[in-house]
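S.K.: Got a sequence here, can you build the structure:
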Amino acid sequence: MSSPFLDIPESEWIAHNQHAFAIYDNYPVTRGHALIITRRQVPTWFEATAAEHKAIFDLIAELRQYLKNEFDPDGFNIGVNCGETAGQTIDHLHVHLIPRYRGDVDDPTGGVRHVIPERGNYKDNSIENWQESAPGANL
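M.R.: The predicted structure is shown next:
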């Protein structure tokens with residue numbers, strides 16, 4: 001199956017290098033939400049080469065500075081969904097770089113842990129036995 005990312009013209013790229021390119025997300029969760037995408041259609045992070053990993057990290061660093069200049073965020077989240085169960089909807093590796101702004105959520109404690117909303121805030125004492133009940137918690 002062909003990736004829709006491969007149809008994006010270079011004129012829409014924010015930045016690029018030999019193995020990856022970056023665009024703004026079509027469904028941004030904050031101002032400046034960007035995607036870093038491998039040029040080669042590879043399903044997830046785990047199938048990518050070391051060179052592709054490095055290219056992605058290089059673009060994350062470059063984009064961070066660009067987005068700081070453009071949007072002046074207070075922080076960032078970096079996220080990768082690997083597989084349908086993890087929320088991946090396009091079978092082509094892409095990394096989310098999400099600028100964060102003070103007040104964009106009531107309580108940011110836990111950050112990316114909110115992919116499981118009821119377990120996101122690890123400081124919430126109302127979550128009883130969360131460690132013991134989480135699959136793989138005792139690894």
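S.K.: CA only for contacts and neighbour counts going forward, please
M.R.: OK.
S.K.: Any buried residues in stretch 42-62, and which?
M.R.: V42, P43, T44, W45, E52, A55, I56, L59, I60 (16 or more other CA atoms under 10 Å).
S.K.: Turn these into JSON lines, including distance to D107, pLDDT and secondary structure.
M.R.: Below are the buried residues of stretch 42-62 laid out as JSON lines (distance: CA to CA, whole Å; pLDDT from 0 to 100; DSSP: H, G, I helix; E, B strand; the rest coil):
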{"residue": "V42", "distance to D107": "35", "pLDDT": "97", "secondary structure": "coil"}
{"residue": "P43", "distance to D107": "33", "pLDDT": "97", "secondary structure": "coil"}
{"residue": "T44", "distance to D107": "30", "pLDDT": "98", "secondary structure": "coil"}
{"residue": "W45", "distance to D107": "29", "pLDDT": "98", "secondary structure": "helix"}
{"residue": "E52", "distance to D107": "34", "pLDDT": "98", "secondary structure": "helix"}
{"residue": "A55", "distance to D107": "33", "pLDDT": "98", "secondary structure": "helix"}
{"residue": "I56", "distance to D107": "29", "pLDDT": "98", "secondary structure": "helix"}
{"residue": "L59", "distance to D107": "29", "pLDDT": "98", "secondary structure": "helix"}
{"residue": "I60", "distance to D107": "25", "pLDDT": "98", "secondary structure": "helix"}
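S.K.: what's the closest of the residues you listed to I90?
M.R.: P43 (8.3 Å; CA to CA).
S.K.: Give me the spatial nearest neighbour of the closest one, chain neighbours excluded.
M.R.: H92 (4.5 Å; CA to CA, 6 or more residues apart in numbering).
S.K.: Please tell me I have it right and that neighbour contacts V42.
M.R.: Yes. If you go by CA atoms under 8 Å, H92 and V42 touch, sitting 5.3 Å apart.
S.K.: Where does the prediction get shaky in this protein?
M.R.: 119-139 (pLDDT under 70).
S.K.: all strands of it, in order?
M.R.: For the chain, strands defined by DSSP state E occupy the ranges 15-16, 20-24, 34-38, 75-80, 94-100.
S.K.: Please identify the deepest-packed of these.
M.R.: strand 34-38 (a mean of 27; mean count of other CA atoms under 10 Å).
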